[in-house]
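**Student:** need a structure here:
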Amino acid sequence: MREEPLLPRRRSVRLPFFDYSTPKSYFLTICAPHKRRFFGEVIDNVVQLNGVGRIVDACWREIPSHFVGVELGPHVVMPNHVHGIVRLTLPPDGQPTAKQAFRAQHAVPLRATSARRFGAMARNSIPAIVRSFKSAASTRIRDLPGRLNMVVWQRGFHEHVIRDEEDYGNACEYIRMNPGRWQFDEDNS
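**Tutor:** A predicted model of the protein is given here:
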């Protein structure tokens, strides 16, 4: 029986038996809480990033410098979310690095084994990359004047495992067209 019966059960949107450190391309969406427009605005179908949005964009672009075997595809920082493609590749030595669970990860402190309640997060996995990105961006944003206690990100993220070249092309087109669709999305008006 659950220890906390009054708390809602959180349902994972991840594929239950999929290894998210598998060398593949992933289409990610990471949102600001409550659809708040923290990162800028769309003017004439072009995203105009503010200071917070420029930090988010810079942190996204820095992902490959912090993770071995990670390449970025197209991305867009929208006023209240980020869409991007992350490709995991095998590092030059051909050995996956994601199975080394208890090593420090960029922008995320190393914790004692006992603090890992939900299992070890694999290094260089999609969840580890997103967690690091969100942590790095949040830390930099909270260093700005008046932003000390700002909650930058919604809990979790959305991901789609890209299946083939056509799927990759569709994801790239979605990212490219996202600013143009902004004004027609009722959640953004």
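
**Student:** okay, the helix or strand containing Thr29 in PDB with CA atoms only?
**Tutor:** For Thr29, the host element (DSSP states H and E) is strand 25-31. Only the C-alpha atoms of strand 25-31 are listed here, as PDB (Å, rounded to 0.1, in the frame of the first residue of the first chain):
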ATOM      1  CA  SER A  25      17.900  11.200 -32.000                       C
ATOM      2  CA  TYR A  26      15.300  12.600 -29.600                       C
ATOM      3  CA  PHE A  27      12.800  15.500 -30.100                       C
ATOM      4  CA  LEU A  28      12.500  17.300 -26.700                       C
ATOM      5  CA  THR A  29      10.000  19.900 -25.400                       C
ATOM      6  CA  ILE A  30      10.800  21.600 -22.100                       C
ATOM      7  CA  CYS A  31       8.200  24.000 -20.700                       C
END
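
**Student:** Residues contacting that strand, please?
**Tutor:** 20, 73, 80-88, 126, 130, 133-134, 153-154, 157-162, 168, 171, 174 (CB atoms under 8 Å, 6 or more residues apart in numbering). Every residue, glycine included, has its C-beta placed from N, CA and C.

**Student:** Buried members of these into PyMOL, please.
**Tutor:** Those of those that count as buried under 16 or more other CB atoms under 10 Å are selected in PyMOL with:
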select buried, resi 20+73+80+81+82+83+84+85+86+87+88+126+130+133+134+153+154+157+159+162+168+171+174
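
**Student:** Of the contacts of strand 25-31, which belong to strands?
**Tutor:** The strands, defined by DSSP state E, take in 73, 81-88, 158-161 from the contacts of strand 25-31.

**Student:** want to throw those into JSON lines with pLDDT?
**Tutor:** Formatted as JSON lines, these follow (pLDDT from 0 to 100):
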{"residue": "Gly73", "pLDDT": "97"}
{"residue": "His81", "pLDDT": "96"}
{"residue": "Val82", "pLDDT": "97"}
{"residue": "His83", "pLDDT": "98"}
{"residue": "Gly84", "pLDDT": "98"}
{"residue": "Ile85", "pLDDT": "98"}
{"residue": "Val86", "pLDDT": "97"}
{"residue": "Arg87", "pLDDT": "97"}
{"residue": "Leu88", "pLDDT": "95"}
{"residue": "His158", "pLDDT": "93"}
{"residue": "Glu159", "pLDDT": "94"}
{"residue": "His160", "pLDDT": "94"}
{"residue": "Val161", "pLDDT": "95"}
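
**Student:** and the two most separated of those?
**Tutor:** Spanning the widest gap among these are His81 and Leu88, at 21.8 Å by CB to CB.

**Student:** Let me see the ranges of the helices in the chain.
**Tutor:** 51-61, 63-66, 126-142, 165-181 (DSSP state H).

**Student:** Roughly how far does Ser135 sit from Val152?
**Tutor:** Distance from Ser135 to Val152, counting by CB to CB, to the nearest Å: 10 Å.

**Student:** Near the closest residue to Thr89 other than its chain neighbours, how many residues? Count them for me, please.
**Tutor:** Using CB to CB, 6 or more residues apart in numbering and skipping the chain neighbours, the partner closest in space to Thr89 is Gly69 (4.6 Å). Here the number of neighbours of Gly69 (other CB atoms under 10 Å) works out to 20.
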